[in-house]
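Q: What follows is a predicted structure for the sequence shown.
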Amino acid sequence: MISVLKFIVSSLIILSIDGYIIKSINYPKISLSKLSALDSKTAVTKSFPSPSSLDVYVTGVIDSPVDKVWAVFKPFGYDIKKWWHIYETIQIISPPFQDEVGAIRQFKLGAYVPGKGTVFKEKLVARSDKDYFEEYEYVDSEPKFPGFAANTFVKFHSNSNGTTTVEWGSKSKFTSDEQKQALIATQTSAYTKGIEYLQQYFAVSKPLQIPEFLLEAKKVLTRILLDVATTDDNADWGYAVYPEYPHYPNIPMYELPRLVKGLPKSQAFGPTRIGKAGKRFAEFAFAYIGLEERLNKSNDPFTAFKAFQDGINLPVTPYAIENWNSDTAAALHFIKGLSPLTIKVVKNIESINKNYHSALGVQKLNEYISQKKLLVVDYPELEGLFPYKGMYLYPASALILNKGNGELDLLAIRLSDDLPVYVKDKTPPNRWTLAKFHLKVADNHIMQFAFHLGYSHFALEAFAVATHNAFKGNLKGESDHPLWLLLQPHFRDTIGINYIARNSLISTDLPFTDTTFSSGTPQALEIVIKAWKQWDYVKSSFPNQLLERGFDEAKTDGLEGFSYRDDGFRLWKILGNYVSSYVDAIYVTDDFVSSDNGIKNWIDEITSPFKANVNSFPKEIKTKKALVDVIQNLIWKTSAGHAVLNFAQYQVGSFTPNAPISLLQPVPPGNDEISLEYLVSSLPNLKDPAGLTKAAFQVSFSHFLTEPSDYTLGGPKAISPLAEKYPHIHERFQLELKLLSIDIKARNEKIAKAGGAVYPYLDPEFVPASVDI
């Protein structure tokens, strides 16, 4: 039976990853016989114009015979999507709705291309099967381009070596130099991309070099599914501690948050979820097609990392790419970037490292402090860590100046006591950039391992087990307890996603983080343990942790544009109203709360050292208000608290120079300038297999982890079963969430138009109700 099971599971994994990545690239070819039916009208036309007469002209070589290339290119309507993936929709709209000369097509550009959402109409003017030639013209668009006209020409030539040369160009009429400049750039990009898509389409017969870690991921998923298939799903779930980490017996793994014993079948990902994971891997694998050619074309060692996003299916992150070396953007990173949980208001000069005193001057610092203009980020959790496998990590800190009106600037960076404080405008440019790289690496480590993995994933698994056992376990027999019904949507898939993380990111045999993060896996675990020992359930609530760092709802901190704080307080209140309404409906008085055995069992499960072992959780809940406070805090942690850490990872962190996860060079002693070559060598070398793997991991990791959830706070699926009994509470909750979502979208649209950094991570439409990714 087990051998049959292994065969089924292995086949399923191969289909979901190998098949999805490779076979879905190999789109069904269009037969020549079918295409011949489209030749009902073929216009005789002049030859391809002289390139010198065209406004735009590009050319390329396709590795396939001309008749096959023409057969794929020729369709003017829907079938073009089989090789050119820029379209959201495309169809022929002119009677008789046939693919023939004179046909007018209408298409809408998809989400991952410039001009997304724009609708165009084009007319097929001429087409010759004999000459492998086509001409089409611009008819209309929305938005419109007044006075613009264009004719596009495409010609294919057969080469003696069996390949095909394609020429693609256009003649246009413009109404202004500005329009001409913009539209020529757009047309050049479109035709170049079109040739690249054809090249990629006909390259599928060549072996596709899948990144090694994706192949390792397949092994991990196979093992996980086999483990699940042989694990019983008991009514009461057992608790476990993390086993000793091989070769590092001194790491106190038992001090990590408790985890579930085994993997209950009800918590394992089903075929749909596994399929979504395969799809995410496949999307990244598409980006690998043509990567080497794109890297070879790049002349800039930093923007070369954009080559991953220039492939197929991956979103582009223009703000990160354009502003990766901006000091203003670097300062904004700590309120709109990977984590808004570190930045603090400096209340007195004694709270910052003394090296800053001499570097910036005590008088100037005290002036900034008295005006509430000085902010600080620091990462003491990284003290005592060592270089690991040629990667470097500092216990960095930085001072940030609040210049008012939401404008921040990076004043100074301290990496360690062995290095000078690097001050803006007094530090040579390359050295300053390297210091910023190391500051971002420190921030990335604390976000990923302390806040994200530790406080969100690991901590909340213990709550998921405790909540199940207190209300649903056979020993309690209270599966219809109202608190179980209320909390159930907020633990969906948490144990399942954590199980995958344990067996991949920090596993004992295939730890993906060991060669990709500067800390390596062992030291990353030390970061988690150190942070967890300091964690407090009540003090870490949304308003309490902000207040401890000097921020409040009234904005007495003087910081404008802190969307995490502003959106967060609105969402916090909405969650409070929601929970309070249910508690009022369930419990008439405080006495009903204090006498509820289900609540007592829940507290015992969470706080007992033999169970979840969360010491900071309240030891008693006797009033409705106390119950509301506890549940409001828990729902925030499972939803918004995780979302702000997880979903910035692609937009902020997929472009390596903007937020590196590892650096391969330390900062040399002193303050002399370093060479550009040394600065570049601190980042992964994209022409070296090991460096390429590091960079590829960062992109794929961030892409995979930011998969949108199907069960969001503001969506139709993550609904408490209590909603059926109290529909008015649910309807009010959804209305308040919708209003917040509308306001966040409107603000971000305004910021985006001005070229600024948006903050969408607390939009209820996208915030998962649970830690499910």
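A: Thanks, I have the structure now. Numbering: from 1, shown residues only.

Q: Now the element after the lowest-mean-pLDDT helix or strand in the chain, going C-ward?
A: Ranking every helix and strand in the chain by mean pLDDT, DSSP states H and E puts helix 32-36 at the bottom, with a mean of 30. Next helix or strand after helix 32-36 toward the C-terminus (DSSP states H and E): strand 56-62.

Q: mind listing the helices for the stretch 151-300 of the chain?
A: Taking DSSP state H, counting those that start in this stretch as the test, the helices found in the stretch 151-300 of the chain are 177-201, 212-229, 271-288, 291-297.

Q: List the buried residues for the last one?
A: Going back to what we said before, that points to helix 291-297. By 16 or more other CB atoms under 10 Å, the buried positions in helix 291-297 come out as 291, 294-295. For every residue, glycine as well, the C-beta is placed using N, CA and C.

Q: which helices and strands sit right next to it?
A: Helix 291-297 is packed against no helix or strand, with contacts defined by 3 or more CB pairs under 8 Å, 6 or more residues apart in numbering; DSSP states H and E.

Q: I'd guessed residue 202 sits against residue 64; true?
A: Yes. The pair residue 202 / residue 64 is scored as a contact, 4.1 Å apart, by CB atoms under 8 Å.

Q: And the residue nearest the centre of this protein?
A: The residue lying closest to the centre of the chain (CA atoms, centre = their mean) is residue 650, at 3.0 Å.

Q: Export the buried residues of helix 291-297 as CSV, with columns for pLDDT.
A: Output for these, formatted as CSV (pLDDT from 0 to 100):
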residue, pLDDT
291, 88
294, 90
295, 89
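
Q: Is it possible to get TSV of the residues you listed that adds distance to residue 256?
A: Below are those laid out as TSV (distance: CB to CB, whole Å):
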residue	distance to residue 256
291	37
294	41
295	39
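
Q: could you dump the helices of the stretch 151-300 of the chain to a markdown table with distance to residue 365?
A: Listed next are the helices of the stretch 151-300 of the chain as a markdown table, based on distance: least, CB to CB, whole Å:
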| stretch | distance to residue 365 |
| --- | --- |
| helix 177-201 | 47 |
| helix 212-229 | 45 |
| helix 271-288 | 46 |
| helix 291-297 | 45 |
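
Q: Select, out of those helices, the one closest to residue 741.
A: Residue 741 lies closest to helix 271-288 among the helices of the stretch 151-300 of the chain, at 23.3 Å (CB to CB).

Q: sorry, back to before: check the spacing between the residue nearest to the centre of the chain and residue 772 real quick.
A: Separation of residue 650 from residue 772 (CB to CB, to the nearest Å): 17 Å.

Q: which stretches of the protein form strands?
A: Secondary structure of the chain by DSSP state E: the strands cover 56-62, 87-92, 104-109, 119-128, 133-142, 149-158, 164-173, 239-240, 259-260, 344-345, 374-378, 397-404, 407-414, 422-423.

Q: The fourth one: partners in the sheet, and parallel or antiparallel?
A: Same thing as strand 119-128. strand 104-109 (antiparallel), strand 133-142 (antiparallel) (DSSP bridges).

Q: closest to residue 59 out of the ones you listed?
A: That would be strand 133-142 among the strands paired with strand 119-128, by CB to CB, at 14.4 Å.

Q: Now find how far off-centre stretch 327-339 is within its chain.
A: Centroid displacement of stretch 327-339 relative to its chain, using CA atoms, centre = their mean, to the nearest Å, is 16 Å.

Q: Buried ones in that stretch, by neighbour count?
A: 327, 329-339.

Q: which one of the residues you listed is nearest residue 735?
A: residue 336 (27.6 Å).

Q: which regions of the chain sit below the pLDDT cut-off?
A: Per-residue confidence for the chain (pLDDT under 70) gives these ranges: 1-46, 110-116, 204-234, 312, 473-479, 509-510.

Q: List the buried residues for the longest helix belonging to it?
A: In the chain, assigned by DSSP state H, the helix with the most residues is helix 727-753. Neighbour-count burial for helix 727-753 flags 729-730, 733-734, 736-737, 740-741, 744, 747-748, 751 (criterion: 16+ other CB under 10 Å).

Q: what's the answer for stretch 79-98, then?
A: Under the neighbour-count criterion of 16+ other CB under 10 Å, stretch 79-98 has 79-81, 83-87, 90, 92, 94, 98 buried.

Q: Go through these and flag which are in helices.
A: Judged by DSSP H, helices contain none of the buried residues of stretch 79-98.

Q: Dump these to a markdown table, plus distance to residue 755.
A: Below are the buried residues of stretch 79-98 laid out as a markdown table (distance: CB to CB, whole Å):
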| residue | distance to residue 755 |
| --- | --- |
| 79 | 38 |
| 80 | 33 |
| 81 | 32 |
| 83 | 34 |
| 84 | 29 |
| 85 | 27 |
| 86 | 24 |
| 87 | 27 |
| 90 | 31 |
| 92 | 38 |
| 94 | 39 |
| 98 | 45 |
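
Q: of all those residues, which comes closest to residue 705?
A: For the buried residues of stretch 79-98, the nearest to residue 705 is residue 85 (23.3 Å; CB to CB).

Q: The closest one reaches residue 313, doesn't it?
A: Yes. Between residue 85 and residue 313 there is a contact under CB under 8 Å: 7.2 Å.

Q: how much space between residue 182 and residue 172?
A: 11 Å.

Q: These two: which has the busier surroundings?
A: residue 172 (19 against 13; other CB atoms under 10 Å).

Q: Correct me if wrong: the more buried one contacts residue 148.
A: Yes. Between residue 172 and residue 148 there is a contact under CB under 8 Å: 6.9 Å.

Q: Now do the shared contacts for those two.
A: 138, 183 (CB atoms under 8 Å, 6 or more residues apart in numbering).

Q: Please name the spatially closest residue to residue 461 (chain neighbours excluded).
A: Once flanking residues are discounted, residue 461 sits nearest to residue 498: 5.0 Å by CB to CB, 6 or more residues apart in numbering.

Q: residues touching the one you found, list them.
A: By CB under 8 Å, 6+ apart, the residues touching residue 498 are 259, 457-458, 461, 771.

Q: Kindly provide the distance from it to residue 460.
A: Applying CB to CB, the value for residue 498 to residue 460 is 9 Å.

Q: Which residues are in contact with each of these two?
A: With contacts taken as CB under 8 Å, 6+ apart, the residues that reach both residue 498 and residue 460 are residue 771.

Q: Can you tell me what sits against stretch 139-153?
A: By CB under 8 Å, 6+ apart, the list of residues contacting stretch 139-153 from outside reads 48-49, 54, 104, 118-123, 125, 133-138, 167-175, 179, 183, 187, 191.

Q: now with 6 Å?
A: Residues from elsewhere that reach stretch 139-153 (CB atoms under 6 Å, 6 or more residues apart in numbering): 48, 119-123, 135-138, 169-173, 175.

Q: same question, stretch 244-251
A: Here stretch 244-251 makes contact (CB under 6 Å, 6+ apart) with 253, 508, 522, 525.

Q: Serialize the residues you listed to TSV and add fields for neighbour count and distance to residue 555.
A: Converted to TSV, the contacts of stretch 244-251 look like this (neighbours: other CB atoms under 10 Å; distance: CB to CB, whole Å):
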residue	neighbour count	distance to residue 555
253	15	42
508	15	47
522	19	42
525	25	38
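
Q: Let's have those residues in a markdown table, adding distance to residue 558.
A: Rendered in a markdown table, the data for those read as follows (distance: CB to CB, whole Å):
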| residue | distance to residue 558 |
| --- | --- |
| 253 | 43 |
| 508 | 48 |
| 522 | 41 |
| 525 | 38 |
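
Q: between those residues, which is closest to residue 162?
A: residue 508 (50.5 Å).

Q: Distance check, that closest one against residue 241.
A: Distance of residue 508 to residue 241, computed by CB to CB: 14 Å.

Q: repeat for residue 393
A: Relative to residue 241, residue 393 is positioned 27 Å away (CB to CB).

Q: before we move on, the earlier item: with distance to residue 484 added, can I get the strands paired with strand 119-128 in TSV?
A: Output for these, formatted as TSV (distance: least, CB to CB, whole Å):
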stretch	distance to residue 484
strand 104-109	45
strand 133-142	51
